[in-house]
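>>> Model the following, please.
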Amino acid sequence: MNPSVQTTTTMALKDWAVTVEALGAGKQIILMRKGGIREETRHFEVQSDQFFLYPAYEHQKEELLKPDHRGEIAKTLEDWSPEQTTVPIKYYARLYEDVEVMDEEALHRLYPHHIWTNHFATERLKWKKKLPLHLLIVRVYKLNQPVEVKIRDEYTGCKSWLRLPEDVTRLPAQPVLSEAEFTAEVQKIKALVG
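Predicted coordinates:
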């Protein structure tokens, strides 16, 4: 049996809603980050080893997803409109490891372990090419009850990290993958990136 955890932070990492759902469904345990255009440091830095997954609905592009995942963007938009004043938070994550990747071939070997095309991965790697791509290996937990968080002005735009209201701490959540499933996937990914 997988033990439940309690959330312990107000930090959130923002990513495409379709990616958040893939993580929440256990389809992948990795995120690829170089940093948002509006990052204070102009590059990605891990600001917390525990965080909520904040879904972003703008800038999702079907052509950057593998063909069998392209319809999933539409699913994320079924209950969403740009006029909404709240966003649903359903998942929490703990950082297992931040692996810095500079090698395009290693990145392509990860293809079976995520929903994106190789073009997406390569473009992430090549943007600001002197800086490594952060491959975040995360253990994801589903909140027992989703939380609706009011959208603040500071949550909008191309940035990675957000600070949510204090009332999101101490929420119970369950791991989306068993310990054995997660460990097996971590071993595969680590073997592929060296």
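>>> where in the protein is pLDDT low?
Across the chain, the ranges flagged by pLDDT under 70 are 1-2, 35-43, 128.
>>> how about the strands in it?
Here the chain has its strands, by DSSP state E, at 5-6, 11-16, 30-33, 50-56, 86-101, 133-150, 161-163, 172-175.
>>> who wins for proximity to Phe120 among those?
Comparing those against Phe120 with CB to CB, the closest turns out to be strand 30-33 (8.0 Å). C-beta here means a position set from N, CA and C on the backbone, and glycine is covered the same way.
>>> Which neighbouring elements make contact with the closest one?
helix 118-126, strand 133-150 (3 or more CB pairs under 8 Å, 6 or more residues apart in numbering; DSSP states H and E).
>>> let's see 7 Å
Other elements packing on strand 30-33 under the criterion 3 or more CB pairs under 7 Å, 6 or more residues apart in numbering; DSSP states H and E are strand 133-150.
>>> Longest helix of this structure, counting residues only.
Taking DSSP state H as the assignment, the helix of the chain that covers the most residues is helix 179-193.
>>> Between strand 86-101 and it, find me the angle.
50 degrees (axes from the mean of the first three to the mean of the last three CA atoms, to 10 degrees).
>>> contacts for helix 179-193?
2, 29-30, 96, 99, 101, 106, 109-110, 113, 135, 137, 139 (CB atoms under 7 Å, 6 or more residues apart in numbering).
>>> rerun at 10 Å
Identification of contacts with helix 179-193 by CB atoms under 10 Å, 6 or more residues apart in numbering yields 2-3, 26, 28-30, 96-97, 99-101, 103, 105-114, 135, 137-140, 175-178.
>>> can you check stretch 102-110 too?
28, 30, 32, 99, 101, 116, 118, 121-122, 124-126, 129-133, 135, 188-189, 191-194.
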